[in-house]
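Asks: Quick one, structure for this:
(2 chains)
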Amino acid sequence: MSASIARGGRRVGALTTPAERLGALARAEFTLLGRSRATLLTAVLVPLALPFTLRSVVDDMDVQKEGLSVGLVLLPAAIGFSLLFGVYSALTAIYTTRREELVLKRLRTGEPRDAEILCGTALPIGATAVVQSLVVAAGSAVLLDLPAPRAPQFAVLGLLMGLVMCAALAAVTATVTRTVESAQVTTLPFVLASMSVSGVTVPLEMLPDRLASVCELLPLSPVITLIRGGWSGTLSVYEAFGALGTALAWTVLAVFAVGRWFRWEPRR
Amino acid sequence: MNTDEHVIEVTDLRRVYGGGFEAVRGISFSVARGEIFALLGTNGAGKTSTVELLEGLARPTEGRIRVLGHDPHTDRAVVRPRTGVMLQEGGFPSELTVGETARMWAGCVSGARPPLEVLELVGLARRTGVRVKQLSGGERRRLDLALALLGDPEVLFLDEPTTGLDAEGRRDTWELVRALREGGTTVLLTTHYLEEAEGLADRLAILHEGRVAAEGTPDEVTAAQPSRISFELPEGWFVGDLPPLGDLGVSGHEVDGRVVRLRTHELQRAATGLLTWAERAGVELRRLDVRSASLEEAFLGIAAREGVAA
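Replies: Numbers count the residues shown, from 1 in each chain, chains lettered A, B, ... in the order given. Model prediction:
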């Protein structure tokens, strides 16, 4: 006990900025990401490995008929897996863990705002997903001869919307998830639904029209539509805005749900 | 006392949980600048429920709270940079080291002191490389305290700061809290250790079933309690044989078989009267016990009251 104990409660220095707080939280979360094998497996390996398993299936599909190529099916699929496993599932588990460890409650006693706590926690995961998307895009160009995106702005918007939406949905899912183990169950409905009928594994173009028009309204569908359309350049302005509108609506809804219902501490 | 000096003001505070449980049932108190104020109570008395509201973690069901003149919940951005909080239970990622945790926290605290400096204050400077999950319960409490001190808070909330600490750790914490008061810090702490409240607090409130059952300096709270005399009357003697109890300054009595218990606020007068009578009557008072009021008795007396009417 050699250091001086108090400085009389005098304020020294300026107040912290949101950027500083976000940076401090993200840095700690990044360290934690590197130390959690389970999260690394779900967030990094699974999204990179899954597209390979899909390859043979896609080869059997009659994708050319719909004006698609193997690359135009596999690339959005890979990004979709990255959003579903790398962002949504991993973040649901992380939010649940931090809540059960009382980390979220402790952080709320300090200066960070609620939104900063959730965003700071999500940043490393989000950055991982962006890097993964760039890697699979580069890989598709080299291995599958996929040409450069014709309307990259739609692909970028789609990815960004997908990131925010999946992070917000992860927070919503964490609210109904009591333990990290049960996160494997609570994340299943959204993951399975998105994989099967949101165009991740089977492009919506290949579904019957009536079914496709319903599936277009699911949360991840517009994200995948924007990414695929951004690459193929076949998306009309009308279709693009429709997809953006749907994605925005889901994102706003999810963010609202987090603000309204998110649980910051364990149930007693 | 000038009201401007009140750093914490609580008026008619109520907290009802979602399930309908009323944990805090209308309490009021205030804490002056530079004071150590203790909320004392048994488990479930409403200490943590109250402190969480003061920390601004939740909105009260009813009533008003001012911390440094602001509502700690709605004026979060103004109040938080000036307060330090130690929750009843940790809240640090188990896979981070002590040093990483302190660095993370320092990034979220305005005018933070160097992390190593506060870790040194609580005796954790040599444990910076150790993961939080490998710390003992006491070490975790000390880490929590260190982080609460990072921003040199004007107001410090400590929820059971010494629970889980050994005797030495407890003394170190008390020393630290006293030194903080010397520096002008206002401290509100909860505890269920009587000696902690008695030795540390300038003023205290005893909570019982969500209400303030007693409040004041430790001396005032103790003085409000009656002193006690108990003894056993020999065969053939009865309470009626004693001099009129009112004349002895006795305010109440109980008889349990041959055992008589007297309560008085004038211990010397009552004891003298009783012993003089016994001497003259030639009566031997067996198992004679004369006891001044203590905080412990005050506390136990209050804790024993069950289901006080609303």
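Asks: Residue of chain B nearest chain A, please.
Replies: In chain B, the residue that lies nearest chain A is B:Gly107 (2.3 Å; Cβ to the nearest Cβ). Quick note: C-beta positions are derived from backbone N, CA and C, even for glycine.
Asks: residue boundaries of the strands in chain B?
Replies: B:6-16, B:22-32, B:36-41, B:62-67, B:83-86, B:155-159, B:186-191, B:203-208, B:211-216, B:227-232, B:250-256, B:259-264, B:286-291 (DSSP state E).
Asks: Go through these and name the closest to A:Leu91.
Replies: Smallest distance to A:Leu91 across the strands of chain B (Cβ to Cβ): 26.3 Å, for strand B:83-86.
Asks: re earlier: let me see the contact set for the residue of chain B closest to chain A.
Replies: A:16, A:20-21, A:23-25, A:27 (Cβ atoms under 8 Å, 6 or more residues apart in numbering or on different chains).
Asks: now do A:Ala167
Replies: A:87-88, A:91, A:118-119, A:122, A:125-126.
Asks: one step back: now, of the contacts of B:Gly107, which are buried?
Replies: A:16, A:20-21, A:23-25, A:27 (16 or more other Cβ atoms under 10 Å in any protein chain shown).
Asks: Where is pLDDT lowest across these?
Replies: Minimum pLDDT for the buried ones among the contacts of B:Gly107 is recorded at A:Thr16 (92).
Asks: Would you list the phi and psi of it?
Replies: A:Thr16 adopts backbone torsions of phi -70, psi 150, taken as degrees, to the nearest 10.
Asks: Likewise for A:Thr39?
Replies: A:Thr39 adopts backbone torsions of phi -70, psi -40, taken as degrees, to the nearest 10.
Asks: Kindly report the same for B:Gly56.
Replies: Dihedral angles for B:Gly56 - degrees, to the nearest 10 - are phi 80, psi 20.
Asks: Name the nearest residue to it, sequence neighbours excluded.
Replies: Nearest non-adjacent residue to B:Gly56, counting by Cβ to Cβ, 6 or more residues apart in numbering or on different chains: B:Pro72, 3.2 Å away.
Asks: Contact partners for B:Glu297?
Replies: Applying Cβ under 8 Å, 6+ apart, we find B:Glu297 in contact with B:225, B:228, B:291.
Asks: Make TSV from those residues and add pLDDT, distance to chain A and neighbour count to it.
Replies: TSV is the format used below for the contacts of B:Glu297 (pLDDT from 0 to 100; distance: Cβ to the nearest Cβ, whole Å; neighbours: other Cβ atoms under 10 Å in any protein chain shown):
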residue	pLDDT	distance to chain A	neighbour count
B:Gln225	81	34	21
B:Arg228	90	39	17
B:Arg291	88	38	11
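Asks: list the contacts for whichever residue of the stretch 51-200 of chain A sits closest to chain B?
Replies: The stretch 51-200 of chain A approaches chain B most closely through A:Arg106 (2.8 Å), counting by Cβ to the nearest Cβ. Residues in contact with A:Arg106 (Cβ under 8 Å, 6+ apart) are B:87, B:90-92.
Asks: Kindly recompute the last result at 10 Å.
Replies: Residues near A:Arg106 by Cβ atoms under 10 Å, 6 or more residues apart in numbering or on different chains: A:98, A:265, B:85-87, B:89-93, B:105, B:144, B:147.
Asks: Can you tell me the SS state at it?
Replies: Using DSSP: H, G, I helix; E, B strand; the rest coil, the structure places A:Arg106 in helix.
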